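Enquirer: here's my sequence, what's the structure:
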Amino acid sequence: MRLTKAQARLLGWERVARVATVGKAGVPHLVPVCHVLVGDKIYFGSGRKGRKVLNLAANPKLALTVDVYSDDWEQITGVLVQGRARVIERGPRFRALRRRLYAKYPQYPEQAALGESDSVIVEVTPTHVFSW
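Expert: Okay, here's the model as predicted:
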């Protein structure tokens, strides 16, 4: 699914997304992530054993949202992406995406390094996109 220019601009610019997953037990899990947009796909890193990653192994469907709040409600904007996740565990693709995350978030290497032995990168392919 293609993103509109406005949706892509907001997803690319915003610094924090919130990701919702559901595992085998059906319990929702919602967490903030640092993300990067590449084409029409969204990527974020995680610990290999993070709850969201374990949930995605059981159910690859997720929802991801970015939004900007304003006290002037005519200025509120956001994007909700529903999609499917694929976990990238290591190799050249992992390293290329890690470089993109590190470029957007310079504190990443020092404070939350993504190592191939203990981290993954999640690729989100949108199936439905809503914006306001």
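Enquirer: residues contacting the closest residue to Lys52 other than its chain neighbours?
Expert: If the residues on either side of it in the chain are set aside, Lys52 comes closest to Thr21, at 4.9 Å by CB to CB, 6 or more residues apart in numbering. C-beta: built from backbone N, CA, C; applies to glycine. Thr21 sits next to Pro28, His29, Arg51, Lys52, Asn55, Leu56, Asn59, Leu62, Ala85 when contact means CB atoms under 8 Å, 6 or more residues apart in numbering.
Enquirer: if we look at the helix or strand bottoming out on mean pLDDT in the chain, which residues are touching it?
Expert: The least trusted helix or strand in the chain, going by mean pLDDT, DSSP states H and E, turns out to be helix 108-111, with a mean of 80. With CB under 8 Å, 6+ apart as the contact definition, helix 108-111 has outside contacts at Cys34, Gly45, Leu101, Tyr102, Leu114.
Enquirer: kindly recompute the last result at 7 Å.
Expert: Residues outside helix 108-111 that contact it (CB atoms under 7 Å, 6 or more residues apart in numbering): Leu101, Tyr102.
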